[in-house]
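Participant: fold the following, please.
(one chain, ligands or ions: 2)
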Amino acid sequence: TPLSHSRLALERLIPALLSHGFCYVDGLLGDLAGSAVLDQVVEMHRSGQLQDGRLAGSIPGVSRKSIRGDQIAWVSGAERGCEAISFLLNLIDRLISVCASRLGDKAIRERSKAMVACYPGNGAGYVKHVDNPNRDGRLLSTVYGHDGLNTHGGVLRIFPEGKSYVADIKPLFDRLLIFWSDRRNPHEVQPSYSTRYAITVWYFDSEERAQAKKRFRDLTVKQENQLSRD
Ligand SMILES: Cn1c(O)c(C(=O)NCC(=O)O)c(=O)c2ccccc21
Ligand SMILES: [Mn+2]
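Facilitator: Numbers count the residues shown, from 1 in each chain. Ligands and ions are numbered 1, 2, ... in the order given. Below you'll find the predicted structure:
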């Protein structure tokens, strides 16, 4: 029920985010809805809707599979066959909106589309990175995992900035992880030896997002001016 979800947010998520910078909850949707989401993601994978993750700059002679095996698709939730994913996104939206007002003076008015990701279990993972290293507006990363119960590898390891410990979080079925997207949370996906599914949504800090858009506009204008002078 919605009440229990907002209480969950208040009692669990907010204190953890403020003290550790990340937090996960298990059993977010429950078995029935959780399985429906997993079924829709598996069907997207089976029907070839997930494409190879782009390489930053393709390295000649190195086969893509060896570096990046993740396959992704961006969904709004309105697509046919994404009804359960849409239900998940609405629930996460509600959770985040309850959190937003209590995470300092952050206004969260927009989010990314959902990135449906699959690691095919060939040992591929994702190198250590920060989601938002340069103030692109992303405030919170949410990762909804539903790996099969037998997870071989594929652990998400977070290296909380300035802390002496790391956090190893398995993408278990119906688990939602939330963490600050900025430099506080460098993280990696360790090599996965079984098919690993996850849905990621990023929530924007409206102020930071507006400034990032302005910087990008100024940069574009500057480049156009430079081009017209060349
Ligand atoms: C496929 N994939 C990712 O898995 C993560 C990521 O950090 N995942 C964490 C996780 O799945 O636990 C990313 O951050 C990411 C960023 C851009 C493109 C693809 C990406
Ligand atoms: Mn990431």
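Participant: show me what contacts residue 185?
Facilitator: Listed by Cβ atoms under 8 Å, 6 or more residues apart in numbering, the contact set of residue 185 reads 21-22, 130-131, 141, 158-161, 179. C-beta: built from backbone N, CA, C; applies to glycine.
Participant: same question for residue 109.
Facilitator: By Cβ under 8 Å, 6+ apart, the residues touching residue 109 are 204, 206.
Participant: what sits up against the biggest helix by length in the chain?
Facilitator: Counting residues, the longest helix found in the chain (DSSP state H) is helix 206-229. Contact with helix 206-229 is made by 106-110, 135-137, 139, as judged by Cβ under 8 Å, 6+ apart.
Participant: who in the protein is up against ligand 1?
Facilitator: Selection of the chain residues close to ligand 1 by Cβ under 6 Å from any ligand atom yields 53, 70, 72, 117, 126, 131, 143, 156, 171, 187, 189, 198, 200.
Participant: show me where the protein has strands.
Facilitator: For the chain, the strands defined by DSSP state E occupy 22-26, 51-52, 71-75, 110-111, 114-119, 126-129, 138-145, 156-158, 167-169, 175-180, 187-189, 196-204.
Participant: return the member of these having the minimum mean pLDDT.
Facilitator: Mean pLDDT per stretch puts strand 51-52 lowest among the strands of the chain, at a mean of 84.
Participant: quick one: low-confidence residue ranges for this structure.
Facilitator: When residues are selected by pLDDT under 70, those of the chain lie in 1-3, 5-6, 8-9, 53-68, 148-150.
Participant: please repeat the previous calculation with a cut-off of 50.
Facilitator: Regions of the chain meeting the criterion pLDDT under 50 cover residues 55-58, 64-65.
Participant: determine which residue lies closest to the centroid of it.
Facilitator: Nearest to the mean C-alpha position of the chain, counting by Cα atoms, centre = their mean, stands residue 200 at 2.8 Å.
Participant: and residue 147, how many neighbours?
Facilitator: Using other Cβ atoms under 10 Å, the number of residues around residue 147 comes to 23.
Participant: please apply the same query to residue 103.
Facilitator: When neighbours are defined as other Cβ under 10 Å, residue 103 has 17 of them.
Participant: distance check, it against residue 205.
Facilitator: 9 Å (Cβ to Cβ, to the nearest Å).
Participant: what touches both of the two?
Facilitator: Counting by Cβ under 8 Å, 6+ apart, residue 103 and residue 205 have no shared contacts at all.
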